[in-house]
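# My questions are about this predicted structure, shown below with the sequence.
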Amino acid sequence: MDYTDLVSGLKNSFKKGTTKPLAWRIGQLKAMDRMLAENEDRIIDALKSDLNKPAQDTIMAEIEFIRNDIISLLRNIKKWSASQPVTKSLVTLLDKPYIHPEPFGVVLVIGAWNFPLQLSLAPLAPAIAAGNCGVIKPSEISPATAELLGELVPKYMDNECIKVVEGGVPETTELLKQPFDYIFYTGSTVVGKIIASAASKNLTPCTLELGGKSPAVIDDSCRNLETAAKRLLWGKTMNAGQICVAPDYVLCTKETEAKLIPVIKKLLNDWFTGNVEESACYCRIVTTRHAERLNGMLQSTAGNIVIGGKIDVDNKFLEPTVITGVTLQDSTMQEEIFGPILPIINIKDIDEAIDLINSRDKPLAMYVFSENQKSIRKLRDNTSSGGFTVNETILQLSVEELPFGGVGSSGMGAYHGKHGFDTFTHYKPVLEKNLGWLGEKLAEFRYPPYNPRNINFIKALIKNREMPSFAFLNYLLSLAVGTGLGILYTKYATV
């Protein structure tokens, strides 16, 4: 397969200026919104097929998530796309310096299987708002959703500027050989390194939304443990834990652990009426291969499985599982779990939690359940993570004013809201000067032959601080009347 013609066609559309007018961008965003609204039932069916995802989860975390992003983009697109004046200095007093937002060109969006609709279209929407052409490569691991995107996008959107490429690793590999202007990838750290390496060959900028082992610290000060456990467990069981920002493991004291376990048991029984496997509210593992990986983790753990542990690889089912007595050497701590397994590691205090977190790669998210502001600030200020959330999980993604992205091995770059528009925009610095006599006269000191008497004035003029107005006005006067007053500015033009 060769995608040279496909990418060349998109580049030609971009060069013709098709995507730059606001009318085109707004029209395409509205078309995407209409596509989601008119095909809600089909999208729900596709995600049910791929992940056994409940309709509520699909509506909340996939369809409406994207539609809300589109509303924000439509509301702000004119303001965000306009040139932005910058503060003038003495040097640019008579000039017009500003920042001009412009699209990169043709962008590649490589989606992920765990939220196969959202993670394909949520990056595409700001790319369109910024004026880019785009190629979507949905994940082949969620085939029903990928096929649906391949059918619907050409029907609703401009096929000269927006393309969908279906397929697996070979197709992605060939796409990465093309000279895209920007690459946006969501997935694992291992594949993220491959994407970054491929992008470097064309010096293509990229955003990598990766993952990692996101810790949840439960402080002894957390008195409302039932609410904390609900939010923790929701973040771990939603999508069967197949979320890049799902809490990966818990850090707490033995005393807190002893209180937490019975609360989790009761919640799971209440939520899934004592039979998780038959519940319509619980997802499946995406493939048997992923289920086998999780089963390997369970079979190799040296910890104690105190809740759950039942797995049916053939039916891609794994019930929510809690493991105590876990150490850093355990099988569950060697890689991101990406499933409904929750190891608990005991710590003595907050300082030990900080040391443990800092001994590992920087996570995409960090969760703290505490009612002690001193502990919260200490954890926030002495650890590094893509995001930091207090007394909640997952919902930080719903705040569009907050950038979503990783740091270190959990990724680079960010998006959501204005941050998404910024990701797909090159902010071109522009300086407009006129050719009038006054501006030229004021700047003549820069040309040879140099006059040593100008040095003090030059120092004052180019320093990034306010210059005494008398000195500057005196200089202007000396130039205007051509008298010996010019000597005075060398005396007063100091800071």
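Structure's in. What do you need?
# drop to CA atoms for contacts and neighbour counts, all remaining ones
OK.
# now the strands: where do they sit in the stretch 1-150 of the chain?
84-85, 96-103, 106-110, 133-137 (DSSP state E, counting those that start in this stretch).
# is it possible to export the ones you listed to TSV including distance to Lys374 and mean pLDDT?
Shown next, in TSV, are the strands of the stretch 1-150 of the chain (distance: least, CA to CA, whole Å; pLDDT from 0 to 100):
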stretch	distance to Lys374	mean pLDDT
strand 84-85	40	95
strand 96-103	41	96
strand 106-110	41	98
strand 133-137	45	98
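# CA-only coordinates of stretch 251-265 in CSV, if you can.
Provided in CSV are the C-alpha atoms of stretch 251-265 (Å, rounded to 0.1, in the frame of the first residue of the first chain):
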residue,chain,number,x,y,z
LEU,A,251,-0.9,3.8,48.2
CYS,A,252,-2.2,3.9,51.8
THR,A,253,-1.4,2.8,55.3
LYS,A,254,-2.4,-0.7,56.6
GLU,A,255,-5.0,1.1,58.8
THR,A,256,-6.7,2.7,55.9
GLU,A,257,-6.5,-0.5,53.8
ALA,A,258,-8.3,-2.4,56.6
LYS,A,259,-11.2,0.1,56.4
LEU,A,260,-11.2,0.4,52.6
ILE,A,261,-11.5,-3.3,51.6
PRO,A,262,-15.0,-3.9,53.1
VAL,A,263,-16.3,-0.7,51.6
ILE,A,264,-15.1,-1.7,48.1
LYS,A,265,-16.7,-5.2,48.6
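# quick one: low-confidence parts of this structure?
464-495 (pLDDT under 70).
# Walk me through the domains of it.
4-210+417-428, 215-405, 441-492 (automatic domain parsing).
# hang on, the earlier thing: will you turn the strands of the stretch 1-150 of the chain into CSV that also has distance to Glu319?
Shown next, in CSV, are the strands of the stretch 1-150 of the chain (distance: least, CA to CA, whole Å):
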stretch, distance to Glu319
strand 84-85, 53
strand 96-103, 46
strand 106-110, 30
strand 133-137, 31
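# for the stretch 201-350 of the chain, what spans make up the helices?
225-237, 254-271, 288-300, 350-358 (DSSP state H, counting those that start in this stretch).
# Could I get the CA-only coordinates of the shortest one as PDB?
When you say that, I think you mean helix 350-358. Extracted in PDB, the C-alpha atoms of helix 350-358 (Å, rounded to 0.1, in the frame of the first residue of the first chain):
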ATOM      1  CA  ILE A 350       3.000  10.800  52.800                       C
ATOM      2  CA  ASP A 351       6.800  11.100  52.600                       C
ATOM      3  CA  GLU A 352       7.100   7.400  51.800                       C
ATOM      4  CA  ALA A 353       4.400   7.800  49.100                       C
ATOM      5  CA  ILE A 354       6.300  10.700  47.500                       C
ATOM      6  CA  ASP A 355       9.600   8.700  47.500                       C
ATOM      7  CA  LEU A 356       7.800   5.700  45.900                       C
ATOM      8  CA  ILE A 357       6.100   7.800  43.200                       C
ATOM      9  CA  ASN A 358       9.300   9.600  42.400                       C
END
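# After that helix, heading C-terminal, what element do we hit next?
Remark: after helix 350-358, the chain's next helix or strand is strand 365-369, criterion DSSP states H and E.
# now that following strand: how far from the chain's centre is it?
Remark: strand 365-369 is offset 17 Å from the chain centroid, using CA atoms, centre = their mean, to the nearest Å.
# Could you tell me which residues within the helix or strand following that strand count as buried?
The helix or strand immediately downstream of strand 365-369 is helix 373-381, counting by DSSP H and E. Neighbour-count burial for helix 373-381 flags 375-376, 379-380 (criterion: 16 or more other CA atoms under 10 Å).
# contacting residues for Lys78?
Going by CA atoms under 8 Å, 6 or more residues apart in numbering, Lys78 touches Leu22.
# Give me the distance between it and Arg25.
Remark: distance between Lys78 and Arg25 (CA to CA, to the nearest Å) = 10 Å.
# now do Leu268
From Leu268 to Arg25 the distance is 45 Å (CA to CA).
# And Leu208, by the same measure?
For Leu208, the distance to Arg25 equals 24 Å [CA to CA].
# How many residues are close by the nearest residue to Asp50 once chain neighbours are set aside?
Nearest residue to Asp50, sequence neighbours excluded (CA to CA, 6 or more residues apart in numbering): Ser142, at 5.2 Å. Ser142 has 22 neighbouring residues, counting by other CA atoms under 10 Å.
# Same question for Ile307.
Ile307 has 19 nearby residues by other CA under 10 Å.
# picking that back up, and of the buried residues of helix 373-381, the nearest to Ala127?
Closest approach to Ala127 among those (CA to CA): Arg380, at 31.8 Å.
# ok, that closest one touching Gly386?
No: taking contacts as CA atoms under 8 Å, Arg380 lies outside contact range of Gly386: 11.4 Å.
# pretty sure Cys281 contacts Asn275?
No: taking contacts as CA under 8 Å, Cys281 lies outside contact range of Asn275: 10.8 Å.
# For these two, indicate the residue with more neighbours.
Neighbours were counted for Cys281 and for Asn275 using other CA under 10 Å; Cys281 has more, 18 against 12.
# Give me the nearest residue to the more buried one, chain neighbours excluded.
Nearest to Cys281 is Pro54, by CA to CA, 6+ apart, at 5.7 Å.
# Quick one: neighbours of the residue lying closest to His416 once chain neighbours are set aside, just the number.
Among residues not flanking His416 along the chain, Glu400 sits closest, at 5.4 Å (CA to CA, 6+ apart). By other CA under 10 Å, the residues close to Glu400 number 17.
# What of the one 3 residues further on?
Around Pro403 there are 19 other residues, counting by other CA under 10 Å.
# ok, now Thr237?
Residues near Thr237, counting by other CA under 10 Å: 24.
# Ile136 and Tyr182: what is the separation?
Ile136 is 12 Å from Tyr182, by CA to CA.
# Equivalent analysis for Gly411, please.
Taking CA to CA, one finds Gly411 at 16 Å from Tyr182.
# Also Asp219?
On the measure of CA to CA, Asp219 and Tyr182 end up 42 Å apart.
# Ile63 and Ser120 touch, don't they?
No: with contacts counted by CA under 8 Å, Ile63 stays clear of Ser120, the gap being 11.6 Å.
# more crowded one of these two?
For Ile63 versus Ser120, the count of surrounding residues by other CA under 10 Å is larger for Ser120: 27 against 22.
# and the nearest residue to the more buried one once chain neighbours are set aside, how many neighbours?
Distances taken as CA to CA, 6+ apart put Gly111 closest to Ser120, at 4.5 Å, once the chain neighbours are dropped. Around Gly111 there are 26 other residues, counting by other CA under 10 Å.
# who's in contact with Gly111?
119-120, 136-139, 185-187.
# can I get the domains of the chain in JSON lines with distance to Asn434?
Output for the domains of the chain, formatted as JSON lines (distance: least, CA to CA, whole Å):
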{"stretch": "domain 4-210+417-428", "distance to Asn434": "7"}
{"stretch": "domain 215-405", "distance to Asn434": "39"}
{"stretch": "domain 441-492", "distance to Asn434": "12"}
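# ok so, going back, turn the strands of the stretch 1-150 of the chain into a markdown table, columns for distance to Ala196 and mean neighbour count.
Below are the strands of the stretch 1-150 of the chain laid out as a markdown table (distance: least, CA to CA, whole Å; neighbours: other CA atoms under 10 Å):
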| stretch | distance to Ala196 | mean neighbour count |
| --- | --- | --- |
| strand 84-85 | 31 | 14 |
| strand 96-103 | 21 | 19 |
| strand 106-110 | 13 | 26 |
| strand 133-137 | 16 | 26 |
